[in-house]
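Novice: the following comprises the amino acid sequence and a computationally predicted model.
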Amino acid sequence: MPKTASDLPESLAARMGALRLMAHVLRDGRMLGDGASGLEGPAAARALRLAGLTLRHMGRADALLAQRLDRQPAARTRDILRLALVEIFEDGAAPHGVVNDAVAMTRQSPKSVKQAGLVNAVLRALSGPEGRAEWDALPPPALPPWLRKPLAKAWGQDRLRAIEAAHLVSPPLDLTPKPDAQILPEGARLPTGSLRLAGGQVSALPGYEAGAWWVQDAGAAIPARLLGDVAGLRVLDLCAAPGGKTMQLAAAGADVTSLDLSEGRLRRLRENLTRTGLSTEIVVADALEWTPEAPFDAVLLDAPCTATGTIRRHPDLPHLREARDVEALTMLQYKLIDRALTFLRPGGRLVYCTCSLLPVEGEHQVTAALKRHPDLAAEAPDPAEFGLPPEAASPHGLRLLPDLWAERGGIDGFYMALLRRPE
């Protein structure tokens, strides 16, 4: 067998790259986008797509394999089987080529070479019409228990199942246009104002070079709009990277300060600001220790959270988060809300939001903040004003769940609220 990725057929190289990315997530505990496939160009893109697709449907692959295997094979062999089944049943790949490459990958490692016959037999047995029927009958994979239990309590079993079904659908591409954008790709305008596309290479889309838009889920584009007209106001974007909300505020005419703890994450913001021709003051600092020279008219706090509302875009998240993460994050959110309030002038406004499905990171945080600060007022928005259905109304704010607009391709889970300091 060839030993370097450049010597391999493109299909086999991409599948091996996907296998490496899956191992980064499942064994090394790293985000999918942080892993290295060992590839470049189209093969790297295909490897990333296949790894994400497999992680999205991994529960279904495991359920199908459990009916055929008496015992679990080695981890690498199990990943090869998962990848092959998902590529056949969800990506529409020709079974013959997938099976051949799966066997070849099994033979490449001393840890799995003896299981090549098993891989060949299982995949050939499952890749026919009977296997297809079994696959199609499988329910969506269940979320991990630490997440499933509080979601069932908060939203009910029916809504939980709808959320899990929404996570199976590969999300579309959402763009936020600049108000004066002249060149835009063809897509559907959502009621929220975002532009939704089926997909495509981002840098090749019309308006990219002109900086007419940026990639931002429709749900993530709403919190900045809660602040209303910000033209001429001093606005602080806390935890700003990667910068979608910063660009919204700057494009609306605000004098924006963008603060984030990570210089690495801010690099992407700097690149997007250059491309879009927008400008902000960028500060690399810990929000809990930094002090501004003067108070702000408004603060937007997109607080660090479990990011469980973005599982539809990041199918690796259920494999990386744990119940113990929630407590540490909720304590940080608590502190950040109190700190953000000190940055506001009298009468100033704070938008608090998290891309989490858990009320403890959303509704509960705002309810607790109102109790800690009796003079603080919550201004509950009307969902219709932001193009949302009545069901998006939630205590003190707006609540988005991934099954919202299922017929349009869904939306990221978010909670957001607008708070005002007294004059």
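Specialist: Sure thing, it's come through.

Novice: how about the contacts made by residue 72?
Specialist: Neighbouring residues of residue 72 by CB atoms under 8 Å, 6 or more residues apart in numbering: residue 78. To be clear about C-beta, it is placed using only N, CA and C from the backbone, and glycine gets the same treatment.

Novice: how about it, secondary structure?
Specialist: coil (DSSP: H, G, I helix; E, B strand; the rest coil).

Novice: can you map out the helices along the stretch 51-200 of the chain?
Specialist: Under the criterion DSSP state H, counting those that start in this stretch, the stretch 51-200 of the chain contains helices at 58-66, 75-89, 95-107, 116-126, 129-137, 145-155, 157-167.

Novice: out of these, nearest to residue 10?
Specialist: Closest approach to residue 10 among the helices of the stretch 51-200 of the chain is made by helix 95-107 (10.8 Å; CB to CB).

Novice: could you look up the SS state of residue 299?
Specialist: Relying on three-state DSSP, one would call residue 299 strand.

Novice: neighbours around it, how many?
Specialist: Using other CB atoms under 10 Å, residue 299 has 30 neighbouring residues.

Novice: before we move on, back to that, so which of the helices of the stretch 51-200 of the chain is the most packed in?
Specialist: helix 75-89 (a mean of 23; mean count of other CB atoms under 10 Å).

Novice: what's the angle between it and helix 129-137?
Specialist: Between helix 75-89 and helix 129-137, the angle comes out at 90 degrees (axes from the mean of the first three to the mean of the last three CA atoms, to 10 degrees).

Novice: looking only at pLDDT, what's the mean for helix 75-89?
Specialist: Computed over helix 75-89, the mean pLDDT rounds to 97.

Novice: can you check stretch 133-148 too?
Specialist: According to the model, stretch 133-148 has a mean pLDDT of 95.

Novice: just the helices in the stretch 301-423 of the chain please.
Specialist: 323-342, 363-372.

Novice: who wins for proximity to residue 193 among these?
Specialist: Across the helices of the stretch 301-423 of the chain, closest to residue 193 is helix 363-372 (CB to CB), at 24.2 Å.

Novice: helices or strands up against the closest one?
Specialist: The contact analysis (3 or more CB pairs under 8 Å, 6 or more residues apart in numbering; DSSP states H and E) places helix 363-372 against helix 323-342, strand 344-354, strand 397-400, strand 414-420.

Novice: try it again at 10 Å.
Specialist: helix 323-342, strand 344-354, strand 377-378, strand 397-400, strand 414-420 (3 or more CB pairs under 10 Å, 6 or more residues apart in numbering; DSSP states H and E).

Novice: that helix: which residues count as buried?
Specialist: Buried positions in helix 363-372, judged by neighbour count with 16 or more other CB atoms under 10 Å: 363-366, 369-370.

Novice: quick one on the thing from earlier: could the helices and strands packed on helix 363-372 be laid out in TSV, adding distance to residue 22, mean pLDDT and mean neighbour count?
Specialist: Formatted as TSV, the helices and strands packed on helix 363-372 follow (distance: least, CB to CB, whole Å; pLDDT from 0 to 100; neighbours: other CB atoms under 10 Å):
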stretch	distance to residue 22	mean pLDDT	mean neighbour count
helix 323-342	21	97	16
strand 344-354	28	98	21
strand 377-378	43	96	16
strand 397-400	29	98	25
strand 414-420	28	98	26
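
Novice: the helices of the stretch 51-200 of the chain into TSV, with extra columns for distance to residue 28?
Specialist: Output for those, formatted as TSV (distance: least, CB to CB, whole Å):
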stretch	distance to residue 28
helix 58-66	16
helix 75-89	12
helix 95-107	19
helix 116-126	23
helix 129-137	29
helix 145-155	20
helix 157-167	23
